[in-house]
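>>> Take this sequence and fold it.
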Amino acid sequence: MKILGISGSGRKGSYNTALLNAARELAPEGMTVETFDISGLPLYNQDLEAKMPLQVGEFKRKIREADAVLFAVPEHNYTITAVLKNAIEWGNRPSNDNSWDNKPAAIMSASSGPRGGVRAQLHMRQILVDLNMYALNRPLLLLANEDEKFDANMKLIDPQTRETLRNLLVRLEEWTRRLRFSVQNVTA
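Alright, predicted model coming up:
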């Protein structure tokens, strides 16, 4: 199973990107987690759709090739980051080319605050509805006070968070298989 990991942070030393790195390490047998750095995508502009920038085309290809998407969503001003919103727009455009369509997804977040990014996750879930993506509801991975959960090398060391992340990946795999099975039965 191929999972595309997308961090909503372009910052070096991002705890959300570090969560994706931990996901790669903790992925169940038979699952790969490949990440795509969205911070270099050009700012979305409808005028660029006619001649899609190469990096955007590569991004859209990676989305399509993935069995599911794992979003690591930082919270800025009670919502998702601008870099993540920009990537979402590119994946959804042009209007007849929604790369996100019918993809299973899981959401996780790390935050320095006490709520762990819950408001950003709620907004992300609203966006996934419009993209026609299927978000896994549980387990929730809302990592508050993240600086206490990683070592100096940005390795996730908190045992409880590692277990929650491992469970999230197992459930994402089950969710993806269940959705694939449902779609096959509907189209048969």
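>>> Now do the closest residue to Ala87 other than its chain neighbours against Leu165, distance only.
Of all residues beyond its chain neighbours, the one nearest Ala87 is Ile38 (3.9 Å), with distances taken as CB to CB, 6 or more residues apart in numbering. For glycine as for every other residue, the C-beta is placed from the backbone atoms N, C-alpha and C. When CB to CB, to the nearest Å is applied, the distance between Ile38 and Leu165 equals 21 Å.
>>> Then Thr79?
From Thr79 over to Leu165 the distance is 23 Å, taken as CB to CB.
>>> who has more neighbours, these two?
Neighbour totals were compared for Thr79 and Leu165, and Leu165 leads with 25 against 17 (other CB atoms under 10 Å).
>>> ok, that one - contacts?
When contacts are counted by CB atoms under 8 Å, 6 or more residues apart in numbering, Leu165 is found next to Leu19, Ala22, Ala23, Leu26, Met108, Leu141, Leu156.
>>> where does the chain have low pLDDT?
In the predicted model of the chain, residues 183-188 satisfy pLDDT under 70.
>>> can you do 90?
When residues are selected by pLDDT under 90, those of the chain lie in 10-13, 95, 111-116, 145-148, 180-188.
>>> how about the nearest residue to the most centrally placed residue in it, chain neighbours excluded?
Relative to the mean C-alpha position of the chain, the nearest C-alpha, by CA atoms, centre = their mean, is the one of Phe71, at 1.4 Å. With CB to CB, 6+ apart as the criterion, Phe71 has its nearest non-adjacent residue at 4.9 Å, and that residue is Ile107.
>>> just how off-centre is the biggest helix by length in the chain within its chain?
If you go by DSSP state H, the chain has its longest helix at helix 159-187. Once both centres are worked out by CA atoms, centre = their mean, to the nearest Å, helix 159-187 turns out to sit 14 Å from its chain's centre.
>>> circling back to that earlier point, so how many other residues sit close to the residue nearest to Ala87?
21.
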